[in-house]
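Chemist: return atomic coordinates for the entry below.
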Amino acid sequence: MSARLQAPRGGTAELRPGYLRVRLTGDVDGVRLLATGLGGEDRVDERESPHAVDVSPTEGEVSLSVVPEAGVEFSPGTRLGLDVEVFAGAGARDLPAALDVLRIDVGALRSFELAACRGDRTSWHVGLGVPAPLAFDFSDDDIVARLDEREALWVAPGRYILRVSRGGEDLPATGRRWALILDSSASFSRALDANEVNGAARVLAGLLAEETGLGPAWTGATGLTEPVHGSTDPGSVALALDPGRPASWCLAAPALDQAWAAGAQSAVLLLDSEPADLPDVRKLLADSADRDVLLVLVGATAGHDIPLRGEVSGRLNVAYLKAREGVPAQEWDWSSVCSLLSGGRR
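Modeler: Numbers count the residues shown, from 1 in each chain. A predicted model of the protein is given here:
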């Protein structure tokens with residue numbers, strides 16, 4: 001008997017030809033499993049329940065996706081996978097006849113493609129967890145599997161904020177390596193208290209992880225006299241700040257230098273005003289065609305009125321974030337940041 005494959009996200013698998021029997025696994029209550037062709041046509045041969053279908057042999061493509069039966073977003077923390085078995089097939093006995101697609105977090109999404117299948121007379125080719133814009137593209141280089149929020153606990157708040165801002169649409173992860181840098185200046189330490197900095201940094205890290213599908217290449221702070229490299233856990237990046245020895249101003253270019261050296265392509269700086277060395281930041285960007293910087297300007301009373309000298313366009317962008325006293329960071333208005341992550345960088 002052929003072995004059952006256990007497949008993680010973002011890969012491909014090959015099964016023997018025949019009928020597919022597909023079952024949802026995980027938090028299946030209130031979820032409907034769909035099997036559709038490229039044009040959206042129904043490819044279900046027989047439906048046993050809202051979360052169990054049979055698909056007949058085909059030489060075309062079949063998308064196995066899920067939607068909430070109530071027609072809204074999935075609840076945060078909803079995890080879904082697939083149990084796929086081939087039956088009534090012939091030939092290719094050396095290929096596996098069953099596949100487990102490991103469960104993934106689909107919270108705050110309106111739909112999600114768990115697998116994309118392409119059939120022919122010799123086998124089924126299954127692409128796992130490919131978002132709809134990349135459906136049926138089976139090049140491994142094009143697939144970025146998102147982080148598991150059970151292992152990276154800092155991911156979830158930012159993940160759901162970004163998904164909600166996109167109206168529950170699942171966009172492909174960009175695969176760009178990123179850095180998160182905090183302002184070590186005295187003015188920043190007055191703009192946010194320690195808990196607010198920690199909360200904001202966690203949300204930013206989660207936003208970036210959801211946007212890119214990756215963990216950070218570098219985290220840290222601008223520092224007193226030189227950059228301070230932070231923890232590999234971006235949820236603890238606030239520990240790179242030294243509240244007892246704040247800098248007189250924010251010098252961002254040296255920290256960006258370290259982030260680029262670590263492989264980052266995008267950098268997000270959380271600060272309360274423009275960096276004192278903004279011309280140096282611009283020069284760093286001018287010297288590299290494939291890097292970008294997002295300045296997130298934050299404060300307890302700041303709205304969209306923080307001035308930034310000079311033109312800001314292209315690969316240097318500014319978002320605004322207003323802190324709300326006594327309110328957790330994940331409940332602040334992140335729309336300015338999300339609009340740049342969802343549009344300005346694509």
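
Chemist: can you give me the domain assignment for this protein?
Modeler: Residue ranges for the structural domains of the chain, counted by automatic domain parsing, are given in the record as 4-141, 155-344.

Chemist: can you tell me which of these has the worst average pLDDT?
Modeler: For these, the bottom mean pLDDT is recorded on domain 4-141, which sits at a mean of 82.

Chemist: give me the distance from it to the chain's centre.
Modeler: 21 Å (Cα atoms, centre = their mean, to the nearest Å).

Chemist: picking that back up, E149 is nearest to which of the domains of the chain?
Modeler: E149 sits nearest to domain 155-344 of all these, at 4.4 Å, using Cβ to Cβ. All C-beta spots, glycine's among them, are computed from the backbone N, C-alpha and C.

Chemist: mind listing what's buried in stretch 60-80?
Modeler: For stretch 60-80, burial by neighbour count (16 or more other Cβ atoms under 10 Å) applies to 61-68, 73-74, 76, 78-80.

Chemist: out of the residues you listed, who's nearest L270?
Modeler: The closest of the buried residues of stretch 60-80 to L270 turns out to be P76 (Cβ to Cβ; 24.0 Å).

Chemist: leaving out chain neighbours, which residue sits closest to that closest one?
Modeler: Using Cβ to Cβ, 6 or more residues apart in numbering and skipping residues adjacent in sequence, the residue nearest P76 is G107, 3.9 Å away.

Chemist: quick one on the thing from earlier: let me have the domains of the chain in TSV, adding distance to E149 as columns.
Modeler: Formatted as TSV, the entries for the domains of the chain read as follows, by distance: least, Cβ to Cβ, whole Å:
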stretch	distance to E149
domain 4-141	5
domain 155-344	4
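
Chemist: tell me which of those domains lies nearest to L147.
Modeler: The closest approach between L147 and any of these, judged by Cβ to Cβ, belongs to domain 155-344 at 5.3 Å.

Chemist: off-centre distance for that closest one?
Modeler: The answer for domain 155-344 is 16 Å, by Cα atoms, centre = their mean.

Chemist: kindly export stretch 256-270 (C-alpha atoms) in PDB.
Modeler: C-alpha atoms of stretch 256-270 as PDB (Å, rounded to 0.1, in the frame of the first residue of the first chain):
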ATOM      1  CA  LEU A 256      19.600  50.800   8.100                       C
ATOM      2  CA  ASP A 257      23.100  49.900   7.100                       C
ATOM      3  CA  GLN A 258      23.100  47.000   9.500                       C
ATOM      4  CA  ALA A 259      19.600  45.900   8.300                       C
ATOM      5  CA  TRP A 260      20.800  45.900   4.700                       C
ATOM      6  CA  ALA A 261      23.900  44.000   5.600                       C
ATOM      7  CA  ALA A 262      21.700  41.300   7.300                       C
ATOM      8  CA  GLY A 263      19.800  40.900   4.000                       C
ATOM      9  CA  ALA A 264      16.700  43.100   4.600                       C
ATOM     10  CA  GLN A 265      15.100  44.600   1.500                       C
ATOM     11  CA  SER A 266      12.400  46.600   3.300                       C
ATOM     12  CA  ALA A 267      12.800  48.400   6.600                       C
ATOM     13  CA  VAL A 268      10.100  49.900   8.900                       C
ATOM     14  CA  LEU A 269      11.100  52.500  11.500                       C
ATOM     15  CA  LEU A 270       8.800  53.300  14.400                       C
END
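
Chemist: and that stretch, which residues are buried?
Modeler: 256, 258-260, 264-270.

Chemist: closest to W178 among the residues you listed?
Modeler: So of those, ranked by how close each gets to W178 (Cβ to Cβ), first place is S266, at 4.6 Å.

Chemist: spit out the contact partners of the closest one.
Modeler: Applying Cβ atoms under 8 Å, 6 or more residues apart in numbering, we find S266 in contact with 176-179, 208, 212, 291-294, 345.

Chemist: same question for R159.
Modeler: R159 makes contact with 105, 107-108, 146, 149, 206-207, 209-210 under the criterion Cβ under 8 Å, 6+ apart.

Chemist: could you look up the SS state of D83?
Modeler: strand (DSSP: H, G, I helix; E, B strand; the rest coil).

Chemist: can you give me the distance of the closest residue to it other than its chain neighbours to V155?
Modeler: What sits nearest to D83 in space, not counting adjacent residues and going by Cβ to Cβ, 6+ apart, is R23, at 4.3 Å. With distances defined as Cβ to Cβ, to the nearest Å, the gap from R23 to V155 amounts to 27 Å.
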